[in-house]
Structure formats: structure tokens, C-alpha cells
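return a 3D structure for these sequence lines:
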Amino acid sequence: MIQALPSVGHPYDNCAVCQAASYYANSIGRHIIAQNPNAKGVFEAWSRESETDNSLHSSLQKNQELKDLLLSETPWVMDANREQEQKEHLADFFDENLMNQRLASALERMNTLQRSDGSWSWWPGMPGSMYMTVEISEMLVRLNEMTTQQTDTKRMLDRAFGFMGDEIVTMVNQMKKAEKKGWPATFPSHMALQWLYICTLDGRQLPAKVQQANDYLIKLLKKETRNQSIYDKAMSAIVLGNKTYVKSLKEYTVYREDMGRYYDTHRALYSWRNFRIPTQVAAIEAIKRLTPEDTQTISEMQRWLLQEKRTQAWDTPINSVDAIYAFLNGNSQSLSAQPKSILKVDGQEIETSQATAGLGYVKTVLPSLGGAGGGHTFTAEKTSTGTSWGAVYMQFMQPTSDIAVQQSGISVKREILKADANSALKVGDRIKVRLTIEADRDYDFVQVTDKRAACMEPVNQLSGYHWGYYCAPKDCATNYFFDLLPKGRHVIETEFYIDRAGTYETGTCTASCAYSPEFRGSAPSIILEVK
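This next block holds a predicted model:
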């Protein structure tokens, strides 16, 4: 999770949100080093690793021999380069001088983008935005919650509160006028809820007219909670200080030992590039704030966040900032150095470096032990606290016809459909291959390789995007690439001509997450008889 800090700490744009996220990340970095001075040495050790086994490589670049396609065969080369560049910033990210330079730069640009009325504009020259001001103020207030009060941003935040307070007073006055004309008053918007949430976290004394407007909104908010999303309900729980809402938040969760505790309901909305990260973070915060003694639920919900990061490359500053807040708020000591796990095969310890044990993989070549009961024993001894995960891969040679159905997180089923299901295949037939892929969670960078028989010729010979995926026909297979494969069932249908007679074998069909190759499913080969 800490690897998300450089990605937001080195802003690529001069927009207000990016600069605020940069200030946020660098301030947290400074706080981490103050709390854990030894952490910097670990990051520097990562940067000195060999090129072949570098913990700072993108997850798309690592472990190529465990994947069905080389990175160069996918559309994700630029994504991998960008993520590697972000990770390589880890070593210099914790350099005190560079960190102070980035903080000063972010502060200067935030000051430039803040207008005289206290609002922030999105880009230089644009008008002030209530939305942008609320988003940035939320980051700064959360930062004050996690670390000591940030004196550098106090004046900016004071001015922003003045602007937001005036906007809320104007909005409430308009609502009251409409109410007198017979329009029923309802809670106005999610932005108004964010405002109340920021006021609760900040705890400052508000001007009388602003407090009156807030009291009016809070009265309406109490009537709205029944139909709220999980995200809004969590924020309302904090605003109202109501433990009953927290109980409701917990009742909506589901639990899996490997995944942790999370929301699998339509009320947990997708946002910020179609992830449920903000919802999970909001719920964790409400539970921490109102029922801090429930450490088990908090830990289980944090586990889900870690598992999501395992299969996803969060490419928005908001997702990364939210996740950092969920882990470090009130728990900076979680970044303390931990002992490495001990890996053994047949009782003999495998030599690993600290970095490799945590972020890479270890390859061991073993002789085959055939016959009944033959095999090797692998054990992993974990003595560190907190959540860890791993996977064991076994690679061996096997005839294509002997490969059976396999699935781990992702499953794939292949069907060959023809116009007359009862007739034999013959040259000239037009058939359809239907792939049904099921994902047990949201995955980034999923590649599907559907190998085909020599008698099958694709109807569409051109590569391109089709309904959320990129299709690339090759000589003996058709590859499909999903930037994001959401949880659930997905169906791909592709048409082929039968162009020659004989007996053929299709080969396997695999669907795997290139970001985390332990999540993979395969469908067996199919024999085709063509008349």
C-alpha cells in the first residue's frame, strides 16, 4: 500500500486535485519517516536490487514465465512503464530535501489555484469550483486527522471554509424560499453531505449563520438515511455520531476468509474508475470513529482493500489517497519493519532476500517423484503481524488433451455453437465460439487466450476494441484483453469459418490476470471432426 505514495507524491498535472494529493502524500511520507526512521533503508535496498529481480518493477513486468503472454504481446506496455516509474520514485520519495521541495512546490501551486474568495479552481484561469474546494478541503482535513495540524495549509483551509460556508448559506436560503412556495424540502446533494462531514472532522467553530444552515441540513439528513448508498450512510454516521448507522453498515457486509469483509450490494457504488474503494474507506472510517473497539471488523475490511490492490493498479490519486487514509489513520506503527517469512521445501529452507520474500517470487527446480504418493512438501512459516498472501505455482509438461478444467478466482468455459447442433461439421460451416468468463472480484489487466484448431478461420481478421475488450486474432489463437474485468459473468462470442476437412484439436483456452498471475482459469481442448 505504501507504494501508492510516490504515484500521488509526484504530480503529473498542475490541476488542483493533483497538487493537493501531492501535498497530502508527501506530508504522510514525512510523518512515516518521523515515526519509522528505519523504513527509508528498506526502500533504498529495493532500489539496489538486480535488474532481473527488482521489487520496484511493475506487477505487469514481473514473473513473465508465469504468464500466458509476454508483456510485449499485450496493449499494456505503457501501463507497465508508468507503474515502474512510479515505484522507482520510492527511494527518492523519502529523501528529506526532495520531499521538502515537493511540499513547497505543491503549496505554491495550491496557493496559485486558490482564488481571492477562498475557492479552488480546477486549472489555472478557470473559475472557482465548490466541488473542487470540497474535494481539496476533505484531503487537508483528513491529513490533519492523521498527522499533526498542518500549519502550512491553515490559512488556505480557513479561506476555503469561508467560501464553502457562504455557498452553503446561499443554498439553504434558496431551499427555504422554495419550501415556502410549497416545494417539499429534501437533502440537496452528496456535496452537502461532504461539507457536513468536513465540518465534523475539522471541529472548528463556525459563524452563526453557517451553523444555522448546517442545523437545517442535518435535520433533513436524518430523514434521508433509509435510501442512502453505503458511502453516504457511512458519512452520515460520522456527521450524526449515530452508532445505529454503524450497525447497519456492518449488516450489509459479507465475509470470505481469503477476501475479508466487504460490500456485495448495489448500494455500494462504483466510483473513481469503477472501483468500490471510496465506499470501503468511508465505512472503515465510520467504524473506527464510532466503534473503535471492533478491531476485528476493521481488520477484515482492511484485508479486502489489500486484496483489491493485489489485482488492481489504482490509477487515480483519489483511490490511492483514500486507501492510505484507511490504513494509516490512527495506525502509523503498522509500517514498522516485520520479519520475513521462512519458505521450505522438504524441510530445507529456501534462501530469499527480504525484498524477494515480500514482493517477488522464488523459483526452485525439483526432480520428479513419480509413482503413488510421490511428491514434495512445501511450507511457509509466517511470524509477522498483519495480512500476508502468497501463491505456489507448479509448472510441468503435459499433453494438451490431458489438461482439465482449472480455476482460481477466474473461471472460463468454452462452447462451440453451430446452426444445426445435431449435424456434423463440414467445410464451409460458420460456427460461433462462446467464452463465458466468471470473476470472483474486480480484476485489472485480464488476458484471455483462446487457441483454435487449424481448420478454423476468423470471420473478422482485424484487431480492435469490441464491447469493453480488445480483440487480437493471431495465427493459432485469438487474444482478448480487458483493462478492467468487473466481478461477475462476462460472455465473448466470436465467429469462425471451417475451411478444411479432417480431425483437429483446438488447444486450451485460458483467462488470467496479468497483474497477479495466480488468478487464472483454463478450459480443456476440444476435438473437432470435419467432413
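
in the stretch 301-450 of the chain, which spans are strands?
Listed in chain order, the strands of the stretch 301-450 of the chain (DSSP state E, counting those that start in this stretch) span 342-345, 348-349, 378-381, 406-408, 410-417, 430-439, 443-451.

the last one packs against which elements?
Applying 3 or more CB pairs under 8 Å, 6 or more residues apart in numbering; DSSP states H and E, one finds that strand 443-451 makes contact with strand 410-417, strand 430-439, strand 477-485, strand 509-513. The C-beta positions use only the backbone N, C-alpha and C, and glycine is treated the same way.

beta partners of residue 260?
Counting by DSSP bridges, residue 260 is bridged to residue 256.

OK, contacts around it?
Residues near residue 260 by CB atoms under 8 Å, 6 or more residues apart in numbering: 300-307.

ok, of those, which come out buried?
300-307 (16 or more other CB atoms under 10 Å).

for residue 225, state which of those residues is nearest.
Among the buried ones among the contacts of residue 260, residue 301 lies closest to residue 225 (CB to CB), at 20.3 Å.

next, the contact list for the closest one, please.
Counting by CB under 8 Å, 6+ apart, the residues that residue 301 touches are 253, 260-262, 280, 283-284, 287.

apply 6 Å and report the result again.
Neighbour list for residue 301: 261, 284 [criterion: CB atoms under 6 Å, 6 or more residues apart in numbering].

what about it, distance to residue 528?
Residue 301 is 49 Å from residue 528, where distance means CB to CB, to the nearest Å.

please apply the same query to residue 505.
Distance from residue 505 to residue 528, counting by CB to CB: 7 Å.

before we move on, the earlier item: got CSV for the buried ones among the contacts of residue 260, with pLDDT and distance to residue 434 too?
Shown next, in CSV, are the buried ones among the contacts of residue 260 (pLDDT from 0 to 100; distance: CB to CB, whole Å):
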residue, pLDDT, distance to residue 434
300, 93, 37
301, 93, 37
302, 90, 39
303, 90, 35
304, 90, 32
305, 87, 35
306, 86, 35
307, 88, 30
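
restricted to helices, list those.
Under the assignment DSSP state H, these contribute 300-307 to helices.

got those residues as JSON lines, with distance to residue 158 columns?
Converted to JSON lines, these look like this (distance: CB to CB, whole Å):
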{"residue": "300", "distance to residue 158": "39"}
{"residue": "301", "distance to residue 158": "34"}
{"residue": "302", "distance to residue 158": "33"}
{"residue": "303", "distance to residue 158": "38"}
{"residue": "304", "distance to residue 158": "37"}
{"residue": "305", "distance to residue 158": "33"}
{"residue": "306", "distance to residue 158": "37"}
{"residue": "307", "distance to residue 158": "40"}
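
tell me the one of these nearest residue 398?
So of those, ranked by how close each gets to residue 398 (CB to CB), first place is residue 307, at 30.2 Å.

which residue is the nearest non-sequential neighbour of the closest one?
Nearest residue to residue 307, sequence neighbours excluded (CB to CB, 6 or more residues apart in numbering): residue 259, at 5.5 Å.

the one you found: neighbour count?
As a burial measure, residue 259 scores 18 neighbours (other CB atoms under 10 Å).

what do you get for residue 270?
By other CB under 10 Å, the residues close to residue 270 number 13.

how near is the closest residue in space to it that isn't next to it in sequence to residue 188?
Counting by CB to CB, 6+ apart, residue 270 lies nearest to residue 276, which is 5.9 Å off, once chain neighbours are set aside. Separation of residue 276 from residue 188 (CB to CB) stands at 25 Å.

the more surrounded of these two?
Ranked by neighbour count (other CB under 10 Å), residue 276 and residue 188 place residue 276 first, with 22 against 16.

picking that back up, okay if I get the helices and strands packed on strand 443-451 as CSV plus mean pLDDT, distance to residue 218 and mean neighbour count?
Listed next are these as CSV, based on pLDDT from 0 to 100; distance: least, CB to CB, whole Å; neighbours: other CB atoms under 10 Å:
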stretch, mean pLDDT, distance to residue 218, mean neighbour count
strand 410-417, 95, 45, 18
strand 430-439, 95, 41, 18
strand 477-485, 92, 37, 21
strand 509-513, 93, 44, 26
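
quick one: closest of those strands to residue 153.
Among those, the nearest to residue 153 by CB to CB is strand 477-485 (34.2 Å).

out of the strands of the stretch 301-450 of the chain, which is closest to residue 95?
Closest of the strands of the stretch 301-450 of the chain to residue 95 is strand 443-451, at 30.0 Å (criterion: CB to CB).

in that closest one, what counts as buried?
Of the residues in strand 443-451, 443-451 count as buried by neighbour count, 16+ other CB under 10 Å.

look at residue 156 and give its secondary structure.
The three-state label given to residue 156 by DSSP: H, G, I helix; E, B strand; the rest coil is helix.

what separation do you get for it and residue 115?
11 Å.

how about residue 292, secondary structure?
Secondary structure, three-state DSSP: residue 292 is coil.

columns distance to residue 102 on top of the helices and strands packed on strand 443-451, output as a markdown table?
Putting those into a markdown table (distance: least, CB to CB, whole Å) gives the following:
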| stretch | distance to residue 102 |
| --- | --- |
| strand 410-417 | 39 |
| strand 430-439 | 38 |
| strand 477-485 | 30 |
| strand 509-513 | 33 |
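
any idea which of the ones you listed gets closest to residue 291?
Nearest to residue 291 among those is strand 430-439 (32.3 Å), distances taken as CB to CB.

in its sheet, what does the closest one sit against?
Paired strands of strand 430-439, with direction, are strand 410-417 (antiparallel), strand 488-498 (antiparallel) (DSSP bridges).

hmm, who's touching the first one?
Residues outside strand 410-417 that contact it (CB under 6 Å, 6+ apart) are 431-439, 509, 511, 519, 521, 523.

quick one: the strands in the stretch 151-300 of the chain, in order.
Using DSSP E, counting those that start in this stretch, strands in the stretch 151-300 of the chain cover 253-256, 260-263.

still on that earlier bit, from the contacts of residue 260, pick the one nearest residue 232.
Set against residue 232, the nearest of these by CB to CB is residue 301 (17.5 Å).

relative to residue 516, how far out is that closest one?
Taking CB to CB as the criterion, residue 301 is separated from residue 516 by 20 Å.

try residue 140
Using CB to CB, residue 140 is found at 34 Å from residue 516.

same question, residue 339
Counting by CB to CB, the gap from residue 339 to residue 516 is 24 Å.

who has more neighbours, those two?
The neighbour comparison of residue 339 against residue 516 (other CB under 10 Å) goes to residue 516, with 24 against 12.

picking up where we left off before, dump the contacts of strand 410-417 to TSV, plus distance to residue 178.
Output for these, formatted as TSV (distance: CB to CB, whole Å):
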residue	distance to residue 178
431	62
432	56
433	58
434	54
435	53
436	51
437	50
438	49
439	46
509	59
511	53
519	52
521	55
523	59
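
find the pair from the residues you listed with maximum spatial separation.
431 and 519 (29.7 Å).

quick one: pLDDT of the nearest residue to residue 377 once chain neighbours are set aside?
For residue 377, the nearest residue in space outside its immediate sequence neighbours is residue 346; the separation is 5.6 Å by CB to CB, 6+ apart. pLDDT recorded at residue 346 is 83.

before we move on, what about residue 249?
Residue 249 is assigned a predicted lDDT (pLDDT) of 94.

same deal with residue 2?
Predicted confidence (pLDDT) for residue 2: 54.

for the nearest residue to residue 476 once chain neighbours are set aside, which residues make a bridge with it?
With sequence-adjacent residues excluded and distances taken as CB to CB, 6+ apart, residue 476 is closest to residue 451, at 6.2 Å. Taking DSSP bridges as the rule, residue 451 bridges to residue 477.
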